[in-house]
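In: This is a predicted model, with the sequence first.
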There are 2 protein chains.
Amino acid sequence: MILLNGRAHADDAFDRGLEFGDGVFETIAVINARPRLLERHLARLTVGCERLGILGVDIDQCRTELHQAAAARDVGVLKLIVTRGLGGTGYSSAGGMPRRWLAAMPARERPSHYSTSGVQLHLCELRLPSDPRLAGIKHLNRLSNVLARREWQDPDIAEGLMRTEDGSIVCGTMSNLFLVQHDMLITPAIVDAGVCGVVRAAIIDTCSAQGIAVLERRVTLQDIAEASEVFVTNALIGAWPVRALSGYQWVPGPYVRRVQEWVREW
Amino acid sequence: MILLNGRAHADDAFDRGLEFGDGVFETIAVINARPRLLERHLARLTVGCERLGILGVDIDQCRTELHQAAAARDVGVLKLIVTRGLGGTGYSSAGGMPRRWLAAMPARERPSHYSTSGVQLHLCELRLPSDPRLAGIKHLNRLSNVLARREWQDPDIAEGLMRTEDGSIVCGTMSNLFLVQHDMLITPAIVDAGVCGVVRAAIIDTCSAQGIAVLERRVTLQDIAEASEVFVTNALIGAWPVRALSGYQWVPGPYVRRVQEWVREW
């Protein structure tokens, strides 16, 4: 018997995704009725399922459903959650089949000046736990992101940067970070924490193809202070220039404009 | 629109519990149609909701529903999940109402020799991330427990112990740990990781009331090796003596028998 707020509910509600965050997800932009960077999303989903030992996920079926959902009217965002499904006793997970949860929704309106003149960031107090085993994949254990996002209410602040205990800046609550120094792109290495964003990966690959130096390494606040450009990226926003963080200021520069151009092409 | 495995599903399926593990839970034993240690469970639930900033949870309503569910036939376990509910955009959580998910089920059969002659434990390779902000509460971000539990399939192994990066032993995948040394109980301090179990708390309080020394501190494998008794506890199992771990062996002693007696009284 399962009750939701005191009322009888379907018996299959206790998905391991709800019970333990036992799964992964993807949030995909839909542009002109097509899911953007779909193969990169599916590749990360596959890696995540492998890392968690979630077997038997039908990626072709996911692809088909995502294409179909994207073709519907007014769809701007797809969110796909793949969980280990039902079953198992407690933490042990014997024999259940994974489940695909897919939601299609309109795109969220963002102020257009975020893309043009840039955004202000908050430096979060919360420290990301170091967890190399889960770093990189987009798993469902996102309380750190939720708690970090609760640190500010100011609507003029578009995103917050999160650090690990040693002060390294890893990523935003919902985005990856890039800096420009001496005609080189720098992005925090995703080793102990954070998610390997699909736009981040696409930028790195495009830089390689075009002969632009890009470095994945430890990043400190000092690195950011010394950057000539700063921007944040994710699958929905593409790339937002950063104009202010912790008293430092920047104006959007040529690199973020180039990246925004790439995102438009994808 | 929401699809579950390709089929249309109720629009309210994307609870923040499923999306981000944004909530807490309790697993409660039902003995003679009464939830055992209910007030301790509700107190921990309250602390967890406060820690996560989940406001407006009706604890009296939870209590009433748990009592009602416990009174039904053949119910041995209640599982209550409280999430931040629906709503919010991405990680940001503006204005949604929390949701109560309650499942009632029969007790899981455990071999009776687990309680009498004791259990064998596995020492998990996985390292628990240090996350003081989430330590103690029973939140829904449980991938570490799921992955640790996947390290063994041997049905003769009843539980696994988990360590932090520095080698400290914190808890089992589903239980708390106690040692006996020189007529003193020792249990790992729950500071950086792990859950403050309700049976653990009840044992500590009963020891205090009865003048038995009990110490919460850092615990190493060496401490376990030197213990005269070792046992693990949780709300469903009560207390299981540990008979074997990593080549060390014990026989159930007077302290675990006393704790088992207490659990019977609760």
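Out: Perfect, I can see it now.
In: Can you list the low-confidence ranges for chain A?
Out: For chain A, applying pLDDT under 70 flags the ranges A:88.
In: Residue in it with the shortest distance to chain B?
Out: Closest to chain B within chain A is A:Gly21: 3.2 Å, counting by Cβ to the nearest Cβ. The C-beta positions use only the backbone N, C-alpha and C, and glycine is treated the same way.
In: State which helix of chain A is the longest.
Out: helix A:38-52 (DSSP state H).
In: Tell me which other helices or strands the strand or helix carrying A:Val199 touches.
Out: Here A:Val199, judged by DSSP states H and E, is contained in helix A:198-210. Under the contact criterion of 3 or more Cβ pairs under 8 Å, 6 or more residues apart in numbering or on different chains; DSSP states H and E, helix A:198-210 touches helix A:38-52, strand A:176-181, strand A:184-188, strand A:214-217, strand A:229-234, strand A:238-245, helix A:254-265.
In: Could you rerun that using 7 Å?
Out: Where contact means 3 or more Cβ pairs under 7 Å, 6 or more residues apart in numbering or on different chains; DSSP states H and E, helix A:198-210 is packed against helix A:38-52, strand A:229-234, helix A:254-265.
In: got the angle for it vs strand A:176-181?
Out: 40 degrees (axes from the mean of the first three to the mean of the last three Cα atoms, to 10 degrees).
In: Figure out how far helix A:198-210 is from the centre of its chain.
Out: 16 Å (Cα atoms, centre = their mean, to the nearest Å).
In: Dump it to CSV, keeping only the CA atoms.
Out: What follows is helix A:198-210, C-alpha atoms only, in CSV (Å, rounded to 0.1, in the frame of the first residue of the first chain):
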residue,chain,number,x,y,z
VAL,A,198,27.7,18.2,-22.9
VAL,A,199,28.2,21.8,-24.0
ARG,A,200,31.5,21.8,-22.1
ALA,A,201,32.6,18.6,-24.0
ALA,A,202,31.5,20.0,-27.3
ILE,A,203,33.4,23.2,-26.7
ILE,A,204,36.6,21.3,-25.8
ASP,A,205,36.3,19.2,-28.9
THR,A,206,35.6,22.2,-31.1
CYS,A,207,38.6,24.0,-29.7
SER,A,208,40.8,20.9,-30.4
ALA,A,209,39.5,20.8,-34.0
GLN,A,210,40.1,24.5,-34.5
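In: Go ahead and name everything in contact with it.
Out: Residues outside helix A:198-210 that contact it (Cβ atoms under 7 Å, 6 or more residues apart in numbering or on different chains): A:37, A:40-41, A:44, A:176, A:185, A:187, A:214, A:233-235, A:238, A:259, A:262-263, A:266.
In: looking at this, A:Ala8 is in a helix?
Out: No: read with DSSP: H, G, I helix; E, B strand; the rest coil, A:Ala8 is strand and lies in no helix.
In: which residues sit in contact with it?
Out: Contacts of A:Ala8 by Cβ under 7 Å, 6+ apart: none found.
In: who's it bridged to?
Out: Following DSSP bridges, A:Ala8 is listed with bridge partners A:Leu3.
In: again with A:Ala103
Out: Under the criterion used (DSSP bridges), A:Ala103 bridges to A:Lys79, B:Ile2.
In: before we move on, back to that, for the helix holding A:Val199, which positions count as buried?
Out: The neighbour-count check on helix A:198-210 (16 or more other Cβ atoms under 10 Å in any protein chain shown) flags A:Val198, A:Val199, A:Arg200, A:Ala201, A:Ala202, A:Ile203, A:Ile204, A:Thr206, A:Cys207 as buried.
In: got the angle for it vs strand A:238-245?
Out: 100 degrees.
In: Helix A:198-210 versus helix A:38-52: what angle between them?
Out: Using the same axes, to 10 degrees, the direction of helix A:198-210 lies 120 degrees away from that of helix A:38-52.
In: Could you check how far A:Ile2 is from B:Glu19?
Out: As judged by Cβ to Cβ, to the nearest Å, A:Ile2 and B:Glu19 stand 19 Å apart.
In: residues in the stretch 151-266 of chain A within reach of chain B, list them.
Out: Neighbours of chain B within the stretch 151-266 of chain A, by Cβ under 7 Å from any Cβ of the partner chain: A:Thr173, A:Met174.
In: how about a cut-off of 10 Å?
Out: When proximity is defined as Cβ under 10 Å from any Cβ of the partner chain, the stretch 151-266 of chain A approaches chain B at A:Trp152, A:Gln153, A:Gly160, A:Glu165, A:Thr173, A:Met174, A:Asp192, A:Ala193, A:Asn234, A:Leu236.
In: and the second one, what is it in contact with?
Out: For A:Gln153, the contacting residues are B:Ser92, B:Ala94, taking Cβ atoms under 10 Å, 6 or more residues apart in numbering or on different chains as the criterion.
In: Which of the three states applies to A:Asp192?
Out: Reduced to three states by three-state DSSP, A:Asp192 is coil.
In: show me the contacts for the residue of chain A positioned farthest from its centre.
Out: Using Cα atoms, centre = their mean, the residue of chain A lying farthest from its centre is A:Met1. It sits 35.4 Å away. Applying Cβ under 10 Å, 6+ apart to A:Met1 gives the contacts A:Ala8, A:His9, A:Asp11, B:Ala69, B:Ala72, B:Val75, B:Leu102, B:Ala103, B:Ala104, B:Met105.
In: would you turn those into JSON lines with distance to B:Glu226?
Out: Output for the contacts of A:Met1, formatted as JSON lines (distance: Cβ to Cβ, whole Å):
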{"residue": "A:Ala8", "distance to B:Glu226": "52"}
{"residue": "A:His9", "distance to B:Glu226": "50"}
{"residue": "A:Asp11", "distance to B:Glu226": "48"}
{"residue": "B:Ala69", "distance to B:Glu226": "44"}
{"residue": "B:Ala72", "distance to B:Glu226": "46"}
{"residue": "B:Val75", "distance to B:Glu226": "42"}
{"residue": "B:Leu102", "distance to B:Glu226": "43"}
{"residue": "B:Ala103", "distance to B:Glu226": "41"}
{"residue": "B:Ala104", "distance to B:Glu226": "43"}
{"residue": "B:Met105", "distance to B:Glu226": "40"}
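In: Looking at those residues, which is nearest A:Pro111?
Out: Closest to A:Pro111 out of those is A:His9 (38.5 Å), distances taken as Cβ to Cβ.
In: returning to that earlier point: show me which parts of the longest helix of chain A are buried, residue by residue.
Out: Applying 16+ other Cβ under 10 Å to helix A:38-52 flags A:Leu38, A:Arg40, A:His41, A:Leu42, A:Arg44, A:Leu45, A:Thr46, A:Gly48, A:Cys49, A:Arg51, A:Leu52 as buried.
In: and if you look at stretch A:178-190?
Out: Those would be A:Phe178, A:Leu179, A:Val180, A:Leu185, A:Ile186, A:Thr187, A:Pro188, A:Ile190, for stretch A:178-190 by 16+ other Cβ under 10 Å.
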